[in-house]
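Visitor: I would like the atomic coordinates for the input below:
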Amino acid sequence: MGKRGPKPQFTDVACPNKGCKLYGLTGQGNVTGNGTYISRGEKTRRYRCHACGKAFCNHTGTFYHDLRKDDKTIDLALKMSMKGMSVQAIADVLEVQPASVKRWLSRAAEQCDKVNDTMMKNVDVSKVEMDELWVIIQKNIPTNEKL
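Guide: Numbering: from 1, shown residues only. Sure thing, here's the model as predicted:
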């Protein structure tokens, strides 16, 4: 039989709700596990903040939040775009719709700082150069086709 008492606390998880008094603070004891579910073929943990009562998951506040494709496919599409492949070529290789690729690239351009933190590890490129790269990617998406 299982151990009774409070569920283990997740000390490395912070509440993503900007209206919460413990927003962004880890190790406060306010976040507990709230189950799991399968999303995009992988197990995703749900959490609950007891300070504000909001529920959230692993992907809340990340670049991948509310995207249906798996992280590896989206990362591959972004890498192909950085290598100069067209949206149509990326869509053909990954067997997805070009509109999906455009949406991923637009989202990456909007959130380039988050993407840079996750994808550009151990790369000797200045922040200015990365910002210029994302501007180029944003310009390559025709204005009438932006989502």
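
Visitor: can you give me the offset of the helix or strand hosting residue 43 from its chain's centre?
Guide: Here residue 43 is covered by strand 42-49, with elements defined by DSSP states H and E. A distance of 14 Å separates the C-alpha centroid of strand 42-49 from that of its chain, computed with C-alpha atoms, centre = their mean, to the nearest Å.

Visitor: Listing partners with orientation, what would you give for the very next helix or strand once past it?
Guide: Proceeding C-terminally, strand 42-49 gives way to strand 55-57 as the next helix or strand, assigned by DSSP H and E. According to DSSP bridges, strand 55-57 forms sheet pairs with strand 42-49 (antiparallel).

Visitor: For the partner strand, list every residue counted as buried.
Guide: Residues of strand 42-49 classed as buried under the neighbour-count rule (16 or more other C-beta atoms under 10 Å) are 47, 48, 49. Just so you know, the C-beta spots here come from the backbone N, C-alpha and C atoms, and that holds for glycine as well.

Visitor: Give me the residues contacting that strand.
Guide: 10, 13, 15, 17, 20, 22, 30-38, 54-59, 70 (C-beta atoms under 8 Å, 6 or more residues apart in numbering).

Visitor: likewise stretch 55-65?
Guide: Under the criterion C-beta under 8 Å, 6+ apart, residues 15-17, 34, 39, 44-49, 66, 71, 74, 107-108, 111, 114-115, 118 lie in contact with stretch 55-65.

Visitor: Buried residues, that stretch. List them.
Guide: Buried residues in stretch 55-65, counted by 16+ other C-beta under 10 Å: 56, 57, 58, 60, 62, 63, 64.

Visitor: now, the most widely separated pair of the residues you listed?
Guide: The most widely separated members of the buried residues of stretch 55-65 are 56 and 63, with 15.4 Å between them, by C-beta to C-beta.

Visitor: Return the per-residue confidence for the residue lying closest to residue 40 once chain neighbours are set aside.
Guide: In space, residue 40 comes closest to residue 70 once its chain neighbours are excluded; the distance is 4.7 Å by C-beta to C-beta, 6 or more residues apart in numbering. What the model reports as pLDDT for residue 70 is 79.
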